[in-house]
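1. this is a predicted model, with the sequence first.
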Amino acid sequence: MNDLNKSRLGFKKLFPPHFSLKEFSLSKGNWLFLIFATLVTASGTMYAADDLSMSALTLTTNADGSQEYSVTLQILIFMTALGFIPAALIMMTSFTRIVIILAILRQAFGLQQSPSNQVIIGLTLFMTLFIMTPVYNKIDEQAIQPYLSDQLTSIEALDKAKVPLRAFMLEQTRVKDLGTLADMAGIESYAKPTDLPMTVIIPSFIISELKTAFQIGFMLFIPFLIIDLVVASILMAMGMMMLSPMIVSLPFKLMLFVMIDGWNLVIGTIATSYGLGT
């Protein structure tokens, strides 16, 4: 009770009964009181922080001399790495090739909103999951399950997990692209592509994926371009120059695509380009 009364007296001295913002001004004593209260609060916070255990920042030295992060810090790193998952999904899987092919196919139809972006992204995600399932199974067998059963440390599990993913990317990467990025990185010679670091393999894989996607998209674009040219020539011959050829050719494009079971062919072509179903 005494401490409470003292604090009330202190606040009454600091803030008069008829207090207003216009008349508010701090004297030298009031300033000293505020500074003293701030220092006391800060010192109490520092003492409380000193009492806390910083187990999240500890490292454990294994028998072989390697170091292992604590579980709390592993969770922190994992939560931070979640922000990089979209970039890893786009740049280290088949996502890039599939979404570009589907976007070019929609452009070849002459449609702007159908299929919508949500449909294209959804189909791309599930196709990526389908194509990357064998790679994930290898990662789960070689890295995830041994790590969960405490047979591997986190660093060893990451090294094991890189092997199947790196093999997948190298299978789809052109030697020329690897050589170009290796020269830019200052790597003059290497025995085999697996000796290259991931910082070279990943951009090389992306460049190769872009080239392959545009090649497949070009082959898909040609039949629809021919239909546009034929319709435009017929309309020109009939003197209907004011009528847009895109409007007239769209039904013929859709009919041709449905008759040849186009979606089955496109999806099959994409899957075959990754060595599935062969």
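-> Here it is on my side, so go on.
2. any low-confidence regions in this protein?
-> Across the chain, the ranges flagged by pLDDT under 70 are 1-74, 76-78, 277-278.
3. counting by contacts, list what the longest helix along the chain packs against.
-> For the chain, the helix with the greatest residue count under DSSP state H is helix 198-237. Using 3 or more CB pairs under 8 Å, 6 or more residues apart in numbering; DSSP states H and E as the contact test, the elements touching helix 198-237 are helix 85-91, helix 95-109, helix 154-171, helix 175-184, helix 245-259, helix 262-273. For every residue, glycine as well, the C-beta is placed using N, CA and C.
4. need the winner for burial among the ones you listed.
-> helix 95-109 (a mean of 20; mean count of other CB atoms under 10 Å).
5. relative to helix 262-273, how tilted is the helix or strand that that one is followed by?
-> For helix 95-109, the following helix or strand on the C-terminal side (DSSP states H and E) is helix 117-139. Orientation of helix 117-139 against helix 262-273 (axes from the mean of the first three to the mean of the last three CA atoms, to 10 degrees) gives an angle of 30 degrees.
6. check which residues of helix 117-139 are buried.
-> Ile120, Leu123, Thr124, Met127, Thr128, Ile131, Met132, Val135, Lys138, Ile139 (16 or more other CB atoms under 10 Å).
7. report the two of these separated the most.
-> The most widely separated members of the buried residues of helix 117-139, counting by CB to CB, are Ile120 and Lys138 (28.4 Å).
8. separation between Met240 and Phe168?
-> 52 Å (CB to CB, to the nearest Å).
9. ok, now Thr80?
-> Counting by CB to CB - Thr80 and Phe168 are separated by 25 Å.
10. again with Lys211
-> Distance from Lys211 to Phe168, by CB to CB: 17 Å.
11. distance to Ile260 for the buried residues of helix 117-139 - can I get that in JSON lines?
-> Below are those laid out as JSON lines (distance: CB to CB, whole Å):
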{"residue": "Ile120", "distance to Ile260": "20"}
{"residue": "Leu123", "distance to Ile260": "19"}
{"residue": "Thr124", "distance to Ile260": "22"}
{"residue": "Met127", "distance to Ile260": "20"}
{"residue": "Thr128", "distance to Ile260": "25"}
{"residue": "Ile131", "distance to Ile260": "23"}
{"residue": "Met132", "distance to Ile260": "28"}
{"residue": "Val135", "distance to Ile260": "31"}
{"residue": "Lys138", "distance to Ile260": "36"}
{"residue": "Ile139", "distance to Ile260": "37"}
